[in-house]
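Asks: build me a model:
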Amino acid sequence: MNTSMSTKKATFTKKLATGYSIRRDGKLLRNIDAMRQLLPYLFRTRNGSIVHAPEVIEFDGAREFIRKRTRENPELSIGTFEIVLAALVRTLSQYPHLNRFVAGKKLFARNTISISFVVLRMENGVHKETNAKIYFEKEDTLYDIARKVNDNIRLCQSGESKDDDKLMEFFAKFPSPIITFVAFLLRKLNDFGLLPMNFIKTDPLFSTAYISNLGSIGHDALHHHLYDWGTTSVFCTMGKLQKTNEITKEGQVESKTNLNIVCSVDERVADGIYLVKALKYFKSLVKHPEKLELPPEIVVEDDGL
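Replies: You can find the predicted model right below:
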């Protein structure tokens, strides 16, 4: 009886300290240490809490994997972008702290995995940008992810009007003071967890991660900022594949292909050791995409719930 009362008292005290939440896109984290609870109060913005992780990943094995799978199935559309996305989704299934976000000075575990990216489409002879936001399952394989990505890219390039584009076009018509007030109101609603789910599902910056494939336009990876709008805690930029020559121990010249990626992360979601382990795991998957052909053996749940 005393043990039960002590447990209930500890649970009530924890809830009193961490507060309550009615958010529908994430669960409030209560089983986190005091420092993790205080960080959103001390570092109030994502850009004020940003960590950049530039990485050079050997990509020769992945290129051979792509060539082999393309020969076996010419209709299969798998490239560098699909492998990076699949590696990120698998990493999120094993390192769920990366799927956390800060809102209203509280830390949440996101209910879903969603990744956003820009798609270029031709309109009247001019390239225009639109956003794709895709929801993934933790058990998704490389082939599941490639199918979802390619379907969404085709949708974006079809010229069909999308909800996020309609929303931006609608608000852009208003005078500046009204836009300013609406943006302020939406931020406050987000802080209190009162934003409608339809809005959260539509806005690409309310997602787990945002990826920019700069290699597709011939550019290298950049150190990108995080957006203080929305809840996205991870931003990755991919550069173009680069050939390098290295001298082996035998004194011979060896040619290698590398992929440059820069990951920008809100350090309030996880400690440094956790982020380093997650990054190493992500790199190993990009180098060996065959590991992504099957679902993960286990899915790790967030231990902060």
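
Asks: which one is the most centrally placed residue in the chain nearest to, not counting chain neighbours?
Replies: Geometric centre of the chain, nearest residue: Ala209, 1.6 Å, by Cα atoms, centre = their mean. Distance criterion Cβ to Cβ, 6 or more residues apart in numbering; nearest residue to Ala209, sequence neighbours excluded, is Val234 at 3.9 Å. The way it works is simple: take the backbone N, C-alpha and C, and place the C-beta from them, glycine included.

Asks: quick check: which helices or strands does the strand or helix carrying Ile153 pack against?
Replies: Take DSSP states H and E as the rule and Ile153 turns out to sit in helix 142-157. Judged by 3 or more Cβ pairs under 8 Å, 6 or more residues apart in numbering; DSSP states H and E, the packing partners of helix 142-157 are helix 80-94, strand 113-123, strand 126-136.

Asks: the last one: partners in the sheet, and parallel or antiparallel?
Replies: Spelled out, it's strand 126-136. Paired with strand 126-136 in the same sheet, following DSSP bridges, are strand 113-123 (antiparallel).

Asks: pLDDT of the partner strand, averaged?
Replies: Mean per-residue pLDDT for strand 113-123: 89.

Asks: now the angle between helix 80-94 and it, please.
Replies: Per axes from the mean of the first three to the mean of the last three Cα atoms, to 10 degrees, the angle that strand 113-123 makes with helix 80-94 is 160 degrees.

Asks: buried sites along stretch 262-275?
Replies: 262-270, 275 (16 or more other Cβ atoms under 10 Å).

Asks: now do it: distance from first to last residue.
Replies: 13 Å (Cα to Cα, to the nearest Å).

Asks: give me the local confidence score for Asn2.
Replies: With respect to pLDDT, Asn2 scores 57.

Asks: do Lys9 as well
Replies: 50.

Asks: related to what we said a few turns ago, closest to Phe101 out of the helices and strands packed on helix 142-157?
Replies: Closest approach to Phe101 among the helices and strands packed on helix 142-157 is made by strand 113-123 (11.2 Å; Cβ to Cβ).
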